[in-house]
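Participant: what's the 3D shape of this:
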Amino acid sequence: MLMIDKKEVRETIAAIKEKLASPSKKADCIADIEKMIGIKQSHVWRADLGSCYGNVCNISSQIEIEIGILNEALDTVREGDNSKAASLLESFLAFVEEHYDNEHPNYW
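Facilitator: Take a look at the predicted model:
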């Protein structure tokens with residue numbers, strides 16, 4: 001299973017949701033979500049090329065689901081439905097929480 005820093009994901013989603021509350025920061029929200037999509041697309045590309053190791057290569061369909069959620073959130077921000085966008089970002093976060101291990105597991 002791919003390990004990520006869930007704390008960083010939580011902070012990123014929280015920051016985007018905070019920006020959603022300010023109409024003047026719509027462009028920032030769009031840029032932030034587009035950046036996340038770009039990162040996820042890079043992960044799919046690597047997984048599909050087999051440049052990864054272990055069972056990381058078997059998760060491209062999981063990453064595609066994440067990209068789908070983020071694309072839908074991006075569309076709703078562009079349409080001005082910030083409430084739905086916030087909900088989709090929460091869905092993305094829940095997906096990450098469920099399907100990934102922490103990058104630095106707690107051994108206590």
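Participant: low pLDDT regions in this protein?
Facilitator: For the chain, the stretches flagged by pLDDT under 70 are 1-4, 46-58, 102-108.
Participant: which one's the longest helix in it?
Facilitator: In the chain, taking DSSP state H as the definition, the longest helix is helix 26-49.
Participant: and that helix, which residues are buried?
Facilitator: By 16 or more other C-beta atoms under 10 Å, the buried positions in helix 26-49 come out as 29, 32-33, 36-37, 40, 43-44, 47. Every C-beta, even on glycine, is put in place using the N, C-alpha and C of the backbone.
Participant: ok, then the element right after that helix?
Facilitator: Using DSSP states H and E, the helix or strand that directly follows helix 26-49 along the chain is helix 60-79.
Participant: for that following helix, what is the distance to the chain centroid?
Facilitator: 8 Å (C-alpha atoms, centre = their mean, to the nearest Å).
Participant: do stretch 81-88 as well
Facilitator: With C-alpha atoms, centre = their mean, you get 14 Å for stretch 81-88.
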